[in-house]
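Visitor: Give me coordinates for this.
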Amino acid sequence: RARCLAKLGKKQEAIVTAKKSMELSKVAKNDDYIVLNEKLLATLK
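Guide: Residues are numbered from 1 along each chain as shown. Okay, here's the model as predicted:
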């Protein structure tokens, strides 16, 4: 969802969504999604 928001130009919403996704990924111990979210956040800053 965060990637879609970023492509639509909704940068702030994308950042919030990516951070929420990263928190959930850490709880679920899903390293792949953590890396994807980190990369996306780096491009949005």
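Visitor: contacts and neighbour counts: CA atoms only from here.
Guide: Noted.
Visitor: correct me, but Ser21 touches Asn37?
Guide: Yes: under the criterion of CA atoms under 8 Å, Ser21 makes contact with Asn37 at 7.3 Å.
Visitor: How is the residue nearest the centre of the chain classified with respect to secondary structure?
Guide: Nearest to the mean C-alpha position of the chain, by CA atoms, centre = their mean, lies Ala18 at 2.3 Å. Ala18 falls in the helix class when you classify it by DSSP: H, G, I helix; E, B strand; the rest coil.
Visitor: next one: phi and psi at Lys29?
Guide: For Lys29, the backbone dihedrals (degrees, to the nearest 10) come out as phi 60, psi 50.
Visitor: Look at it and report its pLDDT.
Guide: Reported pLDDT at Lys29 in the predicted model: 96.
Visitor: residue contacts, it?
Guide: Taking CA atoms under 8 Å, 6 or more residues apart in numbering as the definition of contact, Lys29 has no neighbours.
Visitor: Let me see the ranges of the helices in the protein.
Guide: Under the criterion DSSP state H, the chain contains helices at 2-7, 11-28, 31-44.
Visitor: Go through the second one and flag the buried ones.
Guide: Using 16 or more other CA atoms under 10 Å as the test for burial, helix 11-28 gives 11, 14-15, 17-19, 21-22, 25.
Visitor: Next one, pLDDT for Lys45 please.
Guide: The predicted structure scores Lys45 at 84 on the pLDDT scale.
Visitor: Next, count neighbours for it.
Guide: By the measure other CA atoms under 10 Å, the count of residues near Lys45 is 8.
Visitor: Equivalent analysis for Val35, please.
Guide: If we define neighbours as other CA under 10 Å, then Val35 has 13 of them.
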